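Participant: Below is the sequence, then the predicted model.
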Amino acid sequence: QPKTDFIAYGADIIQSGLSDQDETLLAWYRNWKLEPKEYFLIVGRFVPENNYETMLREFMDAKTEKKLAVISNVEENQFYQKLKETTGFTQDQRIVFCGTVYEEALLKKIRENAYGYLHGHEVGGTNPSLLEALAGTDLNLLLDVGFNREAALDSALYWTKQDGDLAALINRADGMEEEQRKALGAQARERIETCYSWEYITQKYEQLFCS
């Protein structure tokens, strides 16, 4: 019966140092034929437990004209090849696999300029990519599991794996007023600042080590 303490992962709410006119950003948009605020975004490992199959199928069923940008390493990924065959997502020109982005400032800016973020992680507890999304993207659509709700509380919208649920939420999100999206974004950043900022996490470690 070990005595344990839980300290979460952290994130920062400092905005990207890139401007909207930065050539690195513009080149990335040109390469993938994307435009600011005209894409939903997914960032994460391309594995079954992150529910890519559900997200791809539901996005294909949604009526939005926005694109879905997926930032993930899918080279030589058997799961990716399987989903190409079973879902036919390559026939939907709205779905764009953008490879990986390792430049922190660029990834931050891509998050900030996304219309919305889709998060399908189902296992693993507090997820760094979710915290980064809450810190940078106004509208976050999260799989309804306990640790996602624990991280975001009321600052995000939630979906289940039931057929049609995420597609309906994407349609609803697509019609949201900018004021509503910005209000959710402000809530999300406050959540990060209050409970997941690196300053807060550091204080937790200091208190533990000094106790």
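Facilitator: Noted; the coordinates are in hand. Residues are numbered from 1 along each chain as shown.

Participant: going forward, measure contacts between C-alpha atoms and count neighbours the same way
Facilitator: Fine.

Participant: quick one, helices of this protein?
Facilitator: For the chain, the helices defined by DSSP state H cover 23-32, 52-61, 78-87, 104-112, 128-136, 146-152, 165-174, 178-195, 198-210.

Participant: can you list these in TSV and add distance to K3?
Facilitator: Below are the helices of the chain laid out as TSV (distance: least, Cα to Cα, whole Å):
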stretch	distance to K3
helix 23-32	47
helix 52-61	37
helix 78-87	40
helix 104-112	36
helix 128-136	25
helix 146-152	22
helix 165-174	40
helix 178-195	22
helix 198-210	12
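
Participant: Could you check how many residues crowd around I14?
Facilitator: A count of nearby residues for I14, using other Cα atoms under 10 Å, gives 9.

Participant: how far away is it from K109?
Facilitator: 11 Å (Cα to Cα, to the nearest Å).

Participant: hang on, the earlier thing: which of the helices of the chain is buried the deepest?
Facilitator: Using mean count of other Cα atoms under 10 Å, the stretch among these with the largest mean neighbour count is helix 128-136, at a mean of 24.

Participant: Tell me the helices and strands packed up against that one.
Facilitator: Contact analysis of helix 128-136 by 3 or more Cα pairs under 8 Å, 6 or more residues apart in numbering; DSSP states H and E lists helix 104-112, helix 146-152, helix 178-195 as its packing neighbours.

Participant: any idea how far the residue nearest in space to the middle of the chain is from Q21?
Facilitator: Using Cα atoms, centre = their mean, the residue of the chain that lies closest to the mean C-alpha position is Y117, 4.1 Å off. The gap separating Y117 from Q21 is 22 Å, by Cα to Cα.

Participant: now do C98
Facilitator: From C98 over to Q21 (counting by Cα to Cα), the distance is 20 Å.

Participant: So which of those two has more stuff around it?
Facilitator: C98 (17 against 9).

Participant: Please name the residues that touch the more buried one.
Facilitator: Listed by Cα atoms under 8 Å, 6 or more residues apart in numbering, the contact partners of C98 are 32, 69-72.

Participant: Touching, K67 and F97? I think so.
Facilitator: No. Counting by Cα atoms under 8 Å, K67 stays clear of F97, with 10.5 Å between them.
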